[in-house]
Each structure stands twice: as structure tokens, then as C-alpha cells.
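# Sharing a model that was predicted from the sequence below.
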Amino acid sequence: MATNRPVRGATINLASARFGLPHDEADGDWLDARDLIDGEAPRLRTTVTTETPRTIISRNASPDIGFDRSINPYRGCEHGCIYCFARPTHAYLDLSPGLDFESRLFAKPSAAALLRAELAKPGYVVRPIALGTNTDPYQPIEREWRITRSIVEVLAEVGHPLTITTKSDRVVRDIDLLAPMAAKGLAAVAMSITSLDPLVARTIEPRAPHPEKRLAAVRRLADAGVPTFVSIAPVIPAITDHELEALVDRAAAAGARGVFYIPVRLPHEVAPLFKAWLDEHYPDRAGKVMAIIRSLRGGRDNDPDFFSRMRGSGPWAELLKTRFRIACRKHGFDGMRMDLRTDLFRAPKGPQGELF
């Protein structure tokens, strides 16, 4: 396994031909190639492009997830998690799900205004809005862009429930908004922690915060009264699965209200990217890892079917489930429930709201 911190997660910039689009090779912003030092290639720099969508709330009818609407302030994610199931979405932009996904980002600065307009529409029915379902709402560029915070500000103002999934301790910056919302039953957070080993974490998710920072964020959120859960996702066979019990122990010690896990998923272009990453960082066990994944996924690299995609099937999946249940029982964790209120919502005031 590589011991130095990788600059990026993906090892290649895989092209996608799923939509029949001609693929432009990413230039990688290599204009500083002349500045090579000691024969090493320059780091791939992050670029951010402004996006102007017409709507901001995405809706789904998937029966195996606990929300029917979400908001993604950004496209792409600089955390660079090699396993990210959202990587294939960059193919819609004729960009690579590989290095492009983690270096060529898109921001939606009009998100809060669009959200306010959509919430003001007559007939709007309240359900919790999920942040962080596709890419991380607290990834590094949120520090400057603050789009996620502007969304939370709108939801806090109108009494709208929300859930947040992130692997960044940057979420504690918004405790001033989240704690009062949580006191009213309007907010919950899930912190994603894949491994406690900093070397493993740096390889799997190179630009995400240290695991200890994330656990500290769980404690701060819990102490502030925000219902906080730990997402052990994904569990990667033969790389992180041995940490399952330790992660549950640490989640409990940090004050988490519950935990859940998801075995690694490899949809579309994620599978070849993940295999290339294994060959680079874990050549000693790449075959074993993929063999277990296929045993979990009915002999395939990925199982897209509802419900089974979240848990896997077969003996390895059953063993993982048993281990998880025993670990949860030890700490009194009895399930993953984010029960939020929907009766406090009041449509936004302003020109759009007053129109009706």
C-alpha cells in the first residue's frame, strides 16, 4: 500500500462513452508544466465553474432511501473518494468520472434564491430536504462559496426540516444555525467515517478531513443538541471491514445517536476507476477485494437493484450484518431514525411569497 498522501483519489481520468458524447481529454490545468521540480509532475489544480440551474430541489422515488428530495450545492467533489457512487454524474457534462470529478467542480451560487422561490410555490408539501446525497455539501470550496450555509439559512428561516450527510468537520461552522433547528426537531446530521487509520483514509479519500477531526465534529454537534449519526460507508472488503466494531465503539464514545453502514458500491465508471486504484495502492490484495465484492453483488462488480444494493447478499453480507448488530447491541444503538417535524414550515415571505 502507498504510504504517502495521494494528491488525488482517482489514478486515471477515465473517459465515459455511455451517452455517446465525444470525450475531450482533460487538460488538467497543466500550464505550469514548465515549473517541474525534481522531475515530479505539478499538482492537478482545482477549478470551479459557476452553474445557473433553473431549479434546485431534486426529487426521487427510490423505495430504499429515506428521503424523496435533496439539494446538491455543488457538482463534483474535491474530497476525491475513490469509491464515490456520484462520480458517473460527471459523464453527463462530458467530463471524466475520474480526475475531472474531483478537480473540475461546479458551484450553484443561486441555490438559496431558487430554494426560496420553490418553497413559496402554492401547494408545496413539506418533507425533509437532504443535503449531501450526491456530493459533499461541506467540501473544501464551501469555505469560500458558503452556498450550503445560505441554503441552511433559508431552511432555518422558514422552519423546514433538513438532514445533512458529510465527511467534513466544516459542518460545525454552522452549529449556530443547526442547534436551534435541532431544538425544534428540524435538523439531523450524518457524519461519514470510513476508516480510523489515517494512512488508509488518506488513500481512500485524500482530501477529506482526518478521521479524528470528524469524530470531534460528532462530539461538538451532539453536545450542541444536534442529533448526529455516523455513517460507516462504504465498508470495503479486506481493506476497512475489520474496523467495523471499532468504528461503532468510537461513534458511541463521541455521542452519536446511531450508526449505519453500506458495503462499497461500484456503479458504471466507478468499477474500472476502483480497480485501477486497487492496482496502484493495494496490488497485494486487489484480486481478493474484487472477489469479495462480486460475492456480495451476485457475481457482478455492482448490484443496482433496490434494497440489495444497500446491503449486499450472500454469506459475506450476512456475516457483516451479524457483526454490525452485535456491535450496535453493545452500545444500545437500536436503529437509524431521523424523525423530523414538518408542521413548523411557513412559506417564505417576499415578492415570490406575496404573489399568492
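Right, received. Where do you want to start?
# Make sure residue 48 is indeed in a strand.
Yes - the assignment for residue 48 by DSSP: H, G, I helix; E, B strand; the rest coil puts it in a strand.
# Helices of the stretch 151-300 of the chain, start to end?
Here the stretch 151-300 of the chain has its helices, by DSSP state H, counting those that start in this stretch, at 175-183, 198-204, 211-223, 244-253, 270-281, 286-296.
# need the contact list for residue 153.
Under the criterion of C-beta atoms under 8 Å, 6 or more residues apart in numbering, the neighbours of residue 153 are 112, 177. C-beta: built from backbone N, CA, C; applies to glycine.
# separation between it and residue 108?
Taking C-beta to C-beta, to the nearest Å as the measure, residue 153 falls 15 Å from residue 108.
# residues near residue 297, how many?
Taking other C-beta atoms under 10 Å as the criterion, the count of residues near residue 297 is 23.
# Oh, that last question was meant for residue 255, not what I typed.
Neighbour tally, residue 255, other C-beta under 10 Å: 14.
# With the one 5 residues further on instead?
As a burial measure, residue 260 scores 16 neighbours (other C-beta under 10 Å).
# Look up which residues are beta-bridged to it.
residue 231 (DSSP bridges).
# closest to residue 129 out of the helices of the stretch 151-300 of the chain?
Minimum separation from residue 129 across these (C-beta to C-beta) falls at helix 175-183, 11.9 Å.
# buried ones in stretch 195-213?
Of the residues in stretch 195-213, 195-197, 200-209, 211 count as buried by neighbour count, 16 or more other C-beta atoms under 10 Å.
# got any ranges where the stretch 1-150 of the chain has weak pLDDT?
Counting by pLDDT under 70, the stretch 1-150 of the chain has low-confidence residues at 1-7, 11-43.
# Was I right to think residue 68 contacts residue 59?
Yes - applying C-beta atoms under 8 Å, one finds residue 68 in contact with residue 59, separated by 6.1 Å.
# the more surrounded of these two?
Each of residue 68 and residue 59 has its neighbours counted (other C-beta under 10 Å); residue 68 has more, 15 against 10.
# how about the residue nearest to residue 275 when sequence neighbours are not counted, what does it touch?
Nearest residue to residue 275, sequence neighbours excluded (C-beta to C-beta, 6 or more residues apart in numbering): residue 290, at 6.8 Å. Residue 290 makes contacts with 275, 278, 301, as judged by C-beta under 8 Å, 6+ apart.
# what sits against the second one?
I take that to be residue 278. Neighbouring residues of residue 278 by C-beta under 8 Å, 6+ apart: 285-286, 289-290.
# Residue 248 and residue 326 touch, don't they?
No - between residue 248 and residue 326 there is no contact under C-beta under 8 Å: 9.3 Å.
# Looking at the two, which is more packed in?
Between residue 248 and residue 326, counted using other C-beta under 10 Å, residue 248 has the larger neighbour count: 24 against 12.
# Now do the more buried one against residue 168, distance only.
Residue 248 is 21 Å from residue 168, by C-beta to C-beta.
# go on, residue 308?
30 Å.
# higher neighbour count, those two?
When residue 308 and residue 168 are compared for neighbours, residue 168 comes out ahead with 25 against 16, by other C-beta under 10 Å.
# How about the more buried one, nearest residue that isn't a chain neighbour?
That would be residue 138: by C-beta to C-beta, 6+ apart, it lies 3.9 Å from residue 168.
# any idea which helix or strand carries the one you found?
Secondary structure assignment for residue 138, by DSSP states H and E: no helix or strand.
# Surely it is in contact with residue 170?
Yes - Residue 138 lies in contact with residue 170 (C-beta under 8 Å); the separation is 4.2 Å.
# more neighbours, these two?
More crowded of residue 138 and residue 170, by other C-beta under 10 Å: residue 138, with 28 against 20.
# Next, the contact list for that one, please.
Counting by C-beta under 8 Å, 6+ apart, residue 138 has contacts 132, 148, 164, 166, 168, 170-171.
# Residue 131: neighbouring residues, count only.
Going by other C-beta under 10 Å, the residues that sit close to residue 131 add up to 23.
# Now for it: which residues touch it?
Residue 131 touches 70-73, 137, 148, 151-152, 162-165, counting by C-beta under 8 Å, 6+ apart.
# go again using 6 Å as the cut-off
Applying C-beta atoms under 6 Å, 6 or more residues apart in numbering, one finds that residue 131 lies in contact with 71, 137, 164.
# Just give the closest residue to residue 333, not the sequence neighbours.
residue 258 (5.3 Å).
# and the gap between that neighbour and residue 280?
Relative to residue 280, and taking C-beta to C-beta, residue 258 is found at 35 Å.
# which of these two has more neighbours?
residue 258 (22 against 17).
# quick one: that one from residue 108, how far?
For residue 258, the distance to residue 108 - C-beta to C-beta - is 31 Å.
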